[in-house]
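Visitor: sharing a sequence plus its predicted fold:
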Amino acid sequence: MKTAKEIRVGNIIMVDSQPFIVLRSDVNGSSRTGFTYKWKMKNLLTNSPMENVFRGDDKFDVVVLEKKEATYSYFADPLYVLMDAEYNQYEVEGENMGDALNYLEDGMACEVVFYNGKAISVELPTTIVREVTYTEPAVKGDTSGKVLKPAKISTGFEIPVPLFVGIGDKIEIDTRTGEYKSRSK
Amino acid sequence: MFLNQNQATSLAIFCKVVDNFGDIGICWRFARQIQQEHGIAVTLWVDDLRSFQRICPGVETDAEVQQLAGVTVRHWRNQEGVFSPDDVADIVMEFFGCDIPPGYIAAMAECNPRPVWLNLEGLTAEEWVEGCHTLPSRHPRMPLTKYFFFPGFTGKTGGLLCESSLEEQRRQFQSDQAAMTAFLVQFGMTPAEMASLKVSLFCYPHAPVSALFDAWQSSDAAITCLVPEGVATEAVQAFLDGEAKPGAVRTCSALTVRVLPFVAQPDYDRLLWACDLNFVRGEDSFVRAQWAGKPFIWHIYPQDKNLHHVKLRAFLQRYSVDMESLNVFSLGWNDAKVDGVEEQVDWSALWLSFQADMPEIACRSIDWQRQILENGDLASNFLRFAGRVVSDFGKQSIMRG
């Protein structure tokens, strides 16, 4: 079992004997007993969506699903098509892609997740490197990293970065939290 | 509150006392109000009867079950216990996400119809609360759904605890000089102290009390600080140069500090109503200070990584965004950084500016009361929502049937 705070977008959890995929997780904080996790989920049997809140220490059975390494190939509205090393294609519904869409680029390596033989979601590497395509000019000398500004990456997704990051810099991003980790060399 | 066909007749409240008196303070007010104003039988399960006794002297600390002000109080000793569906109330409330005994949850799952299960969360002015208020939380392994219920300061939250007669009680007390004098005399207050600026002080131990005492001593007007025993003990003892026991008092320059006994909830309300400025802490006294309609300073419960500063700023953003002295004072009192200010807080200067703004702050507190009253009171909102859940259960049963 995993606690709510250990569960990531794309994980499949059992709720009252039914499998749900976590599509989005907003961590809100915080009460005295910890953070509140607001999840958008989808029932994989009925396809019905559900929004729930949980405490960080609520425990869930996580379904260990078959996974295959694949690369993102193309978008065939509303399906995202990925391909493995043997050129097998897998289609994942756009709404099941969750936060992966924030970082998705052509040829990007990820893992396709299967439930009952059907590709249902993707899981990203924990850390990815992306180039900053736009941000306000870098502030030299500010190395504390405490003050943040928005920066856009090539997918259009914005994340907060320290003031010293400039356009063209490559940055490491933690895909679990969507947070800047460091500047990549 | 309930629709007739969905009338709830019983509520079980589970309260775990984690620290101090706020947890049981809130649950006790809530329990009494639901019982007295809505006619619902309330059972309050509480794990710490000694803390409960401090705010409600009628509590017997060794009783398994007792009746207090119409509420059944049960000592919640541990997580053990076997329960049947007959033991389960129509509405089950867990306070601050305390873990209800597994046996009770299992019995809830066997009930038909199932009880309404609500988790009453802590108060915060942060915006995210509106997006989580009343959202369901499906139980991972049982056919049960819990709902999160957040108190708050907007119409998209559950509101604040407020008994229907509270405002009238306050108005009567504050307009009855004899009653107010009699109330203060019981603590040994002299006419001179009553004529001074009266301040009640309730805070956690790390508040900069000594620095404020120093500033108050050089004030140009007399100040009397009333502090319950056990609060800010170190600073109070240093000022008194002796033990901080009830009745202890000392005047030094403009400041008199007087130690009060720890008072029951109704008297604490009167204390807030009788003082010109109230320092409060945590959640329960913080809410009561807002209903007192007097200027107040909040000492917020500390959290790791200074997360409580986020909550403090969120409240100030709603309450006093354009009142600089109140904001700076509140931030300084909670050791939170003031934007653009690097140096240490100058409490003498800050007190002067705050004191000058007190009439304006008092007006604001009255406006604020009006504003938050528009959201309805927490107990009524809570029951209204529980009724809606019951009504939705009914609709789902009809659709399935």
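Guide: Yep, it's here. Numbering: from 1, shown residues only, chains lettered A, B, ... in the order given.
Visitor: quick one: which helix or strand includes the closest residue to A:A85 other than its chain neighbours?
Guide: In space, and not counting its chain neighbours, A:A85 is closest to A:E69: 7.3 Å by Cβ to Cβ, 6 or more residues apart in numbering or on different chains. Any C-beta I mention is one placed from the backbone N, CA and C, and that applies to glycine too. For A:E69, the host element (DSSP states H and E) is strand A:66-76.
Visitor: the helix or strand following that strand: which residues count as buried?
Guide: As assigned by DSSP H and E, the chain's next helix or strand after strand A:66-76 is strand A:79-83. If you call a residue buried by 16 or more other Cβ atoms under 10 Å in any protein chain shown, then strand A:79-83 has these buried ones: A:79-80, A:82-83.
Visitor: what's the angle from strand A:79-83 to strand A:66-76?
Guide: Strand A:79-83 runs at 120 degrees relative to strand A:66-76, counting by axes from the mean of the first three to the mean of the last three Cα atoms, to 10 degrees.
Visitor: what is the least confident helix or strand in chain A?
Guide: strand A:18-31 (a mean of 85; mean pLDDT, DSSP states H and E).
Visitor: what is that strand packed up against?
Guide: strand A:12-15, strand A:34-43, helix B:128-132, helix B:307-319 (3 or more Cβ pairs under 8 Å, 6 or more residues apart in numbering or on different chains; DSSP states H and E).
Visitor: rerun that using 10 Å as the cut-off
Guide: strand A:12-15, strand A:34-43, strand A:49-55, strand A:59-62, strand A:109-115, strand A:118-123, helix B:128-132, helix B:307-319 (3 or more Cβ pairs under 10 Å, 6 or more residues apart in numbering or on different chains; DSSP states H and E).
Visitor: centroid residue for the chain?
Guide: No chain in the question, so chain A it is. A:D99 (3.6 Å; Cα atoms, centre = their mean).
Visitor: my bad, the chain I had in mind was chain B
Guide: Central residue of chain B (Cα atoms, centre = their mean): B:D284, at 1.0 Å.
Visitor: hmm, back to that, and the residue nearest to A:A85, what are its bridge partners?
Guide: A:E111 (DSSP bridges).
Visitor: got it, and the one 10 residues further on?
Guide: For A:L79, the beta-bridge partners are A:A76, A:E93 (DSSP bridges).
Visitor: what's the distance between it and B:T61?
Guide: 65 Å (Cβ to Cβ, to the nearest Å).
Visitor: same check, this time on A:T71
Guide: Noted for A:T71: a distance of 67 Å to B:T61, by Cβ to Cβ.
Visitor: next to chain A, which bits of the stretch 51-200 of chain B? Give me the list.
Guide: Taking Cβ under 10 Å from any Cβ of the partner chain as the criterion, the stretch 51-200 of chain B approaches chain A at residues B:96-99, B:119, B:121-124, B:126-129, B:131-148, B:150.
Visitor: so which of the residues you listed belong to helices?
Guide: Of those, the ones assigned to helices by DSSP state H are B:128-129, B:131-132.
Visitor: still on that earlier bit, more neighbours: which of A:T71 and B:T61?
Guide: Between A:T71 and B:T61, counted using other Cβ atoms under 10 Å in any protein chain shown, the more crowded position is A:T71 (15 against 12).
Visitor: OK, contacts around the more buried one?
Guide: By Cβ atoms under 10 Å, 6 or more residues apart in numbering or on different chains, the residues touching A:T71 are A:82-85, A:105-110, A:112.
Visitor: strands of chain B, start to end?
Guide: B:10-15, B:41-46, B:65-68, B:71-75, B:91-95, B:116-120, B:136-138, B:145-149, B:197-201, B:223-228, B:249-252, B:255-260, B:277-281, B:296-299 (DSSP state E).
Visitor: got those strands as a markdown table, with mean pLDDT columns?
Guide: Compiled in a markdown table, these are given as follows (pLDDT from 0 to 100):
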| stretch | mean pLDDT |
| --- | --- |
| strand B:10-15 | 97 |
| strand B:41-46 | 98 |
| strand B:65-68 | 98 |
| strand B:71-75 | 98 |
| strand B:91-95 | 96 |
| strand B:116-120 | 97 |
| strand B:136-138 | 96 |
| strand B:145-149 | 97 |
| strand B:197-201 | 98 |
| strand B:223-228 | 98 |
| strand B:249-252 | 98 |
| strand B:255-260 | 98 |
| strand B:277-281 | 98 |
| strand B:296-299 | 98 |
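Visitor: give me the number of residues near residue 177?
Guide: Because you didn't say which chain, this covers chain A. 14.
Visitor: wrong one, chain B
Guide: Other residues lying near B:Q177 total 9 when counted by other Cβ under 10 Å.
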